[in-house]
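Trainee: quick one, what's the 3D model for this:
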Amino acid sequence: MHHVLDDGIAGGRLARVLAISLIALVLSNVVVIVLSTVPALNERHATLFRAFEIVALLVFTVEYAARLWAAPEAMLYRGLSPARARIRYALRPLSLVDLLAILPLVSLLMESQINDLLLLRVFSLLRFLKLARYSSSLASIGNAFMAERRALFATAVVMAGVLLMSATVMYAIERDAQPEAFGTIPAAMWWAVVTLGTVGYGDVVPITPFGKLFASFVIFLGIGMFGLPIGIIATAFVRELERREFVVTWSLVARVPIFEDLSASEIGDLTALLEAHVFEAGATVCRRGEPAEAMYFIASGEVEVIAPEGTVTLHTGAFFGEVALLRPTSRSATVRAVTTTRLLSLASHDVAALMEQRPDVVRRLRNVAGRGEGDLLATELQDPRPGPT
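Mentor: Sure thing, here's the model as predicted:
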């Protein structure tokens, strides 16, 4: 349940189908809520709209309950009791959005008139925010805003100061020429907002020479001021994407049994040397005769190793290509993905760096790779349990 609902790394095709279905339901539900505010459409299709609302609420309620139930399986809550893990999960921003999105369910247990309350309609439209759960990009943008909230607040304070000063100066210049538009500082602030935003509605414009000159300066100042928060958000977004890639790789590493006894900091050191790959079903990972330059770990999915001696299927937790860590050689078999497979690769030239960080892990890998002079396919054919090949 955790893999399918919350873990896109190992959820596979079922997780993607479920995510797409929920996205379609969210979008359809938002459209229905918006259309239901049109009196003519609501009178004609009131029963259909209400039935769709009930179905959507039930689906979202089951989804929320399932996510809450499976929360203890998340890597983030490893070591916590099931109750504490669920509480921590329920307090996450996206979980709170899920909860608010199903609050209109209470109205189904009450009088039908409650469905007309504006507050419940607002809660229903909060389902649109659920899209952030299914889009890593939207979630990354939200995390970028949260990470730079102090810098953005400081920028907002500076922009507010510029807005106030611009309105004050224009009030002093234009108040006698246009008392209706610039007779007070609050009235002049409308012009300042429009000008700093480079919108230029044209409903309020300066007419004096000094007013026009100052307005030109404010326009260029506005371009620079709005560039400041954009630059902050863009930089934070890039950092968030890098962090997200690290977290995904960290989760993949933690799934491999050979690394399962490593601490979080040790996995973090190892993650910097590993590269994550995703292969769809039928894709070729490596071909027989190619230079062997990396060892692969199966974080999720399964692959088949095709060699002259026969074919072996490896599953999650297994690894292959470990001879590349011992000496320069070529691939002795072709490896293809049977299902959508997540792999981690450790390049042979990174073993020296890993040796400095975790010599015990390197020794373990080399001991495995050195078993049987590196010719492990025949052994695997005789004993086809998940393991090295």
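Trainee: list the contacts for residue 337?
Mentor: Shown in contact with residue 337 (C-beta atoms under 8 Å, 6 or more residues apart in numbering): 279, 280, 281, 282, 283, 284, 285, 301, 302, 303. All C-beta spots, glycine's among them, are computed from the backbone N, C-alpha and C.
Trainee: packing partners for the one helix or strand residue 66 maps to?
Mentor: Using DSSP states H and E, residue 66 sits in helix 39-70. Applying 3 or more C-beta pairs under 8 Å, 6 or more residues apart in numbering; DSSP states H and E, we find helix 39-70 packed against helix 2-5, helix 12-35, helix 82-90, helix 93-102, helix 105-108.
Trainee: that helix - what's its average pLDDT?
Mentor: Averaged across helix 39-70, pLDDT comes to 87.
Trainee: orientation of it relative to helix 93-102 in degrees?
Mentor: Here helix 39-70 points in a direction 140 degrees away from that of helix 93-102 (axes from the mean of the first three to the mean of the last three C-alpha atoms, to 10 degrees).
Trainee: which of the residues in helix 39-70 are buried?
Mentor: The neighbour-count check on helix 39-70 (16 or more other C-beta atoms under 10 Å) flags 45, 49-50, 52-53, 56-57, 59-60, 63-64, 67-68, 70 as buried.
Trainee: show me where pLDDT drops low in the stretch 51-200 of the chain?
Mentor: Where the stretch 51-200 of the chain drops to pLDDT under 70, the residues are 104-126, 132, 135-139.
Trainee: and residue 316, which of the three is it?
Mentor: Assigned with DSSP: H, G, I helix; E, B strand; the rest coil, residue 316 falls in the coil class.
Trainee: what's the closest of the contacts of residue 337 to residue 19?
Mentor: residue 280 (16.6 Å; C-beta to C-beta).
Trainee: can you pull out the helices in the stretch 251-389 of the chain?
Mentor: Counting by DSSP state H, counting those that start in this stretch, the stretch 251-389 of the chain has helices at residues 264-271, 351-357, 359-369, 377-382.
Trainee: identify the residues contacting residue 102.
Mentor: By C-beta under 8 Å, 6+ apart, the contact set of residue 102 is 57, 60, 61, 64.
Trainee: measure the third one to residue 220 for me?
Mentor: Spelled out, that is residue 61. For residue 61, the distance to residue 220 equals 53 Å [C-beta to C-beta, to the nearest Å].
Trainee: next, format the helices and strands packed on helix 39-70 as CSV and append distance to residue 211.
Mentor: Converted to CSV, these look like this (distance: least, C-beta to C-beta, whole Å):
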stretch, distance to residue 211
helix 2-5, 60
helix 12-35, 43
helix 82-90, 56
helix 93-102, 46
helix 105-108, 55
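Trainee: what's the closest of the buried residues of helix 39-70 to residue 275?
Mentor: Checking the buried residues of helix 39-70 against residue 275 by C-beta to C-beta gives residue 70 as the nearest, at 28.9 Å.
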